[in-house]
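Chemist: what follows is a predicted protein model with its sequence.
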Amino acid sequence: MPATTATKKFPLVDTTEPNRMEGTFPYDLPPLIKFDGPLVEQIDGETVEFDPNSVKTRDINITDTTFRDGQQARPPYTIDQMVKVYDMLAKLSGPNGVIRQTEFFLYTKNDRETLDRCRALGHKYPECTGWIRAVKADFRLVKEAGLAESGMLTSCSDFHIFDKLKFKSRKECMDSYCEVVDAAFEAGVRPRCHLEDLTRADLDGFVLPFVERLMEMSSQVPEEKGVKIRLCDTMGFGISYPGVELPRSIPKLIYKLNKECGVPSARLEWHGHNDFHKVHTNGGTAWLYGCDAVNATLFGFGERTGNPPLEGAVFEYIALLGKTNGLNTNMVTEIADYMKEEVGLPIPDSYPFVGKHFNTTRAGIHAGGLRQNEQIYNIFDTEKLLGRPPKVAITDKSGADGTTIWINDFLKLKGDNKISKIKCHKVCRWVMDQYEVDGRLTAISDQELEAKVKELMPDHYAKATGKK
Amino acid sequence: MPSVEDRVKAVTARVLKVDADSVKSEQNFGSDLGAESVQSIELVASFEEEFGIEMDEDAALSVDTVGGAVDFITKVCQEQGVSV
């Protein structure tokens, strides 16, 4: 095969001053996502342009389903746990409601008590909404709970219409769904239709006619009560790449609903699943192409492989807007600590933003770089935004200084409370002996070091951790 | 009761694994007695334990001779009301 022919020359731009590209990598924010042109799709033979910078002027937001989809993937949370998490979500969300809504089951006494206790906290955001089956009688629950909005299942692939729900025809299915939407309007509740299995549904044969009918029905009620549409990528089949055909193309799905059916962006919400490792990027793609809301769960917990991780959506949001818009990102760490320590949620050490080692540098040469300028090996100012300064893993190159830094970090000691190398000398000795006496060649794990701190510095360990 | 100098020399010999009689006041912990980084810290920790005192880390680690350690520890003992 012939080599590709070069078409351009690139002379070196010599300088003695580094260009650290602060405009894109400001460090006190996550790296910004900047666009230098429109997004382009071919739809039904026409070239369609999307303005990605519209995210800066639209009211894009995050909606949460930690207590609904997130809870389908794990043993139930206790009421106290859910109230605590809701309270922390509100603090993360901030005054502008970046985390706009969260949804609750309404079926059991515990469900309703949880909802009541969360609302009693008095937070404006996230707004509490419901989640019910597409059954008319279920709107009684929504009304009794005093909710202004509820999601309802309106599955739209033929797998669901015929094989799961056993409708005899698409018309019978659509009529049934629309009856429930009518019931919602009558109850004064805004229905949010969850188009389950949208990414393998017949768009022209069912989805678009159904949404068209929903828009007609919505024209009979005030705008704030008009039907919202949740685009549910139930099996994770959605694709973000340009040029993909329907029904898997996220850009085209959104275009069809937004521009052809006329559903405003403010009434479109993306709900993804991670079966093909695409969940986070698919959520960001939905924002760019016209969905104002991306539905997410804390740490991505959700049915099977999970949903867009909410904390990932938080940093994507900041990267797209170029500002935090009131988000208190340090709450991400606080929520993760609570979920790990109090709820027992397993979060892998390497998990972005909250895993134990998400910003730990292991290679000695990287650690050297980190010591010279932490930006070399830290994604952004993780201490400012997450309360998590970058860390160095302990090896033969760490020395007593590195080991002491690790111990203070592990024991969460700051400022004047930090303990000196002198108090850490036994652990420092153990580390050195691992390499010099025992001939060890690998890095020392946190588990090993924790055990040694507990054994060799029992008073400090007990004081800092509350454990003996 | 042994003198501060005797106690400093005994601790130095134990930590650095050298003969106590060979430790001289003018000797440098690093270049003469072979103290490496971690051993310097172990020496300071052992002096604290021997005399029941707390020493400033940076100041203690900047003392580089046995005689210097005797003077430094004597001063710290006086400041902290420890009789020697």
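Modeler: It's in.
Chemist: mind checking the SS state of the nearest residue to A:Phe353 once chain neighbours are set aside?
Modeler: Nearest non-adjacent residue to A:Phe353, counting by CB to CB, 6 or more residues apart in numbering or on different chains: A:Glu311, 5.1 Å away. Backbone N, C-alpha and C define where each C-beta goes, glycine included. When classified by DSSP: H, G, I helix; E, B strand; the rest coil, A:Glu311 comes out as helix.
Chemist: pLDDT at the closest residue in space to A:Val221 that isn't next to it in sequence, what is it?
Modeler: Residue nearest to A:Val221 in three dimensions, not counting chain neighbours: A:Phe185, with 5.5 Å by CB to CB, 6+ apart. pLDDT, A:Phe185: 94.
Chemist: check contacts around A:Phe185.
Modeler: Contact analysis of A:Phe185 by CB atoms under 8 Å, 6 or more residues apart in numbering or on different chains lists A:Pro191, A:Met217, A:Gln220, A:Val221, A:Lys225.
Chemist: now do the host helix or strand of it: distance to the chain's middle.
Modeler: For A:Phe185, the element it lies in under DSSP states H and E is helix A:170-186. Between the centre of helix A:170-186 and the centre of its chain there are 32 Å (CA atoms, centre = their mean, to the nearest Å).
Chemist: follow-up on the earlier one: which among the contacts of A:Phe185 gets closest to chain B?
Modeler: A:Pro191 (66.1 Å; CB to the nearest CB).
Chemist: what's around the closest one, how many residues?
Modeler: 31 (other CB atoms under 10 Å in any protein chain shown).
Chemist: what's in contact with the helix or strand containing it?
Modeler: Applying DSSP H and E as the criterion places A:Pro191 in strand A:190-195. With contact meaning CB under 8 Å, 6+ apart, strand A:190-195 is reached by A:129, A:148-156, A:177, A:180-181, A:184-185, A:201, A:207, A:211, A:214, A:224-232, A:269, A:271.
Chemist: take the residues you listed and keep only those in strands.
Modeler: A:129, A:149-153, A:228-232, A:269, A:271 (DSSP state E).
Chemist: neighbour count, distance to chain B and pLDDT added to these, as JSON lines?
Modeler: Converted to JSON lines, those look like this (neighbours: other CB atoms under 10 Å in any protein chain shown; distance: CB to the nearest CB, whole Å; pLDDT from 0 to 100):
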{"residue": "A:Thr129", "neighbour count": "26", "distance to chain B": "56", "pLDDT": "97"}
{"residue": "A:Glu149", "neighbour count": "19", "distance to chain B": "60", "pLDDT": "96"}
{"residue": "A:Ser150", "neighbour count": "24", "distance to chain B": "62", "pLDDT": "95"}
{"residue": "A:Gly151", "neighbour count": "26", "distance to chain B": "59", "pLDDT": "96"}
{"residue": "A:Met152", "neighbour count": "25", "distance to chain B": "65", "pLDDT": "94"}
{"residue": "A:Leu153", "neighbour count": "21", "distance to chain B": "64", "pLDDT": "94"}
{"residue": "A:Lys228", "neighbour count": "24", "distance to chain B": "61", "pLDDT": "98"}
{"residue": "A:Ile229", "neighbour count": "27", "distance to chain B": "63", "pLDDT": "98"}
{"residue": "A:Arg230", "neighbour count": "25", "distance to chain B": "59", "pLDDT": "98"}
{"residue": "A:Leu231", "neighbour count": "26", "distance to chain B": "60", "pLDDT": "98"}
{"residue": "A:Cys232", "neighbour count": "28", "distance to chain B": "59", "pLDDT": "98"}
{"residue": "A:Glu269", "neighbour count": "25", "distance to chain B": "56", "pLDDT": "98"}
{"residue": "A:His271", "neighbour count": "29", "distance to chain B": "55", "pLDDT": "98"}
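Chemist: go through the residues you listed and name the one nearest A:Pro242.
Modeler: Ranked by distance to A:Pro242 (CB to CB), the ones in strands among the contacts of strand A:190-195 are led by A:Leu231 at 17.8 Å.
Chemist: quick one: contacts for the closest one?
Modeler: A:Leu231 is in contact with A:Leu195, A:Leu198, A:Leu253, A:Ile254, A:Leu257, A:Leu268, A:Glu269, A:Trp270, A:His271, A:Ala286, A:Cys291, counting by CB under 8 Å, 6+ apart.
Chemist: partner residues bridging it?
Modeler: Residues found in beta-bridge contact with A:Leu231 (criterion: DSSP bridges) are A:Leu195, A:Trp270.
Chemist: now do A:Lys340, the pLDDT please.
Modeler: 94.
Chemist: low-scoring stretches of the stretch 301-450 of chain A, by residue?
Modeler: A:362-372 (pLDDT under 70).
Chemist: residues in it within reach of chain B, list them.
Modeler: Proximity of the stretch 301-450 of chain A to chain B (CB under 8 Å from any CB of the partner chain) is limited to residues A:Gly399, A:Ala400, A:Ser420, A:Lys421, A:Ile422, A:Lys423, A:Cys424, A:His425, A:Cys428, A:Arg429, A:Met432.
Chemist: please redo it, this time with the cut-off set to 10 Å
Modeler: A:399-401, A:403-404, A:419-426, A:428-433, A:436 (CB under 10 Å from any CB of the partner chain).
Chemist: so of the residues you listed, which ones are in strands?
Modeler: Per DSSP E, those never map to strands.
Chemist: out of the residues you listed, which are buried?
Modeler: When those are checked for burial by 16 or more other CB atoms under 10 Å in any protein chain shown, the buried set is A:399-400, A:403-404, A:419-426, A:428-432.
Chemist: strands of the stretch 351-468 of chain A, start to end?
Modeler: A:360-361, A:391-392 (DSSP state E, counting those that start in this stretch).
Chemist: how about these in a markdown table, adding mean neighbour count?
Modeler: Compiled in a markdown table, the strands of the stretch 351-468 of chain A are given as follows (neighbours: other CB atoms under 10 Å in any protein chain shown):
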| stretch | mean neighbour count |
| --- | --- |
| strand A:360-361 | 22 |
| strand A:391-392 | 24 |
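Chemist: distance of the residue lying closest to A:Thr465 once chain neighbours are set aside from A:Glu455?
Modeler: What sits nearest to A:Thr465 in space, not counting adjacent residues and going by CB to CB, 6+ apart, is A:Leu411, at 7.2 Å. A:Leu411 sits 14 Å away from A:Glu455 when distances are taken as CB to CB, to the nearest Å.
Chemist: who's more crowded, these two?
Modeler: The residue with more neighbours, out of A:Leu411 and A:Glu455, is A:Leu411; 19 against 12, by other CB under 10 Å.
Chemist: my guess is that one contacts A:Val453, does it?
Modeler: Yes: if you go by CB atoms under 10 Å, A:Leu411 and A:Val453 touch, sitting 7.4 Å apart.
Chemist: who touches both of those two?
Modeler: Listed as contacting both A:Leu411 and A:Val453 by CB atoms under 10 Å, 6 or more residues apart in numbering or on different chains are A:His460, A:Tyr461, A:Ala464, A:Thr465.
Chemist: what's the closest of the residues you listed to A:Asp44?
Modeler: Using CB to CB, the shared contacts of A:Leu411 and A:Val453 come closest to A:Asp44 at A:Thr465, 61.9 Å.
Chemist: residues near the closest one, how many?
Modeler: A:Thr465: 14 neighbours (other CB under 10 Å).
Chemist: please apply the same query to A:Ser445.
Modeler: So A:Ser445, with other CB under 10 Å, has 12 neighbours.
Chemist: and it, its phi and psi?
Modeler: Main-chain dihedrals, A:Ser445, degrees, to the nearest 10: phi -80, psi 160.
Chemist: burial check on the nearest residue to B:Ala20 once chain neighbours are set aside, number of neighbours?
Modeler: Spatial nearest neighbour of B:Ala20, excluding adjacent residues (CB to CB, 6+ apart): B:Ala13 at 3.8 Å. A total of 16 residues lie near B:Ala13 under the criterion other CB under 10 Å.
Chemist: does B:Ala13 lie in a helix or a strand, and which?
Modeler: helix B:4-16.
Chemist: so for the helix or strand following that helix, what's the average pLDDT?
Modeler: Counting by DSSP H and E, the next helix or strand C-terminal to helix B:4-16 is helix B:37-51. Mean pLDDT, computed over helix B:37-51, is 94.
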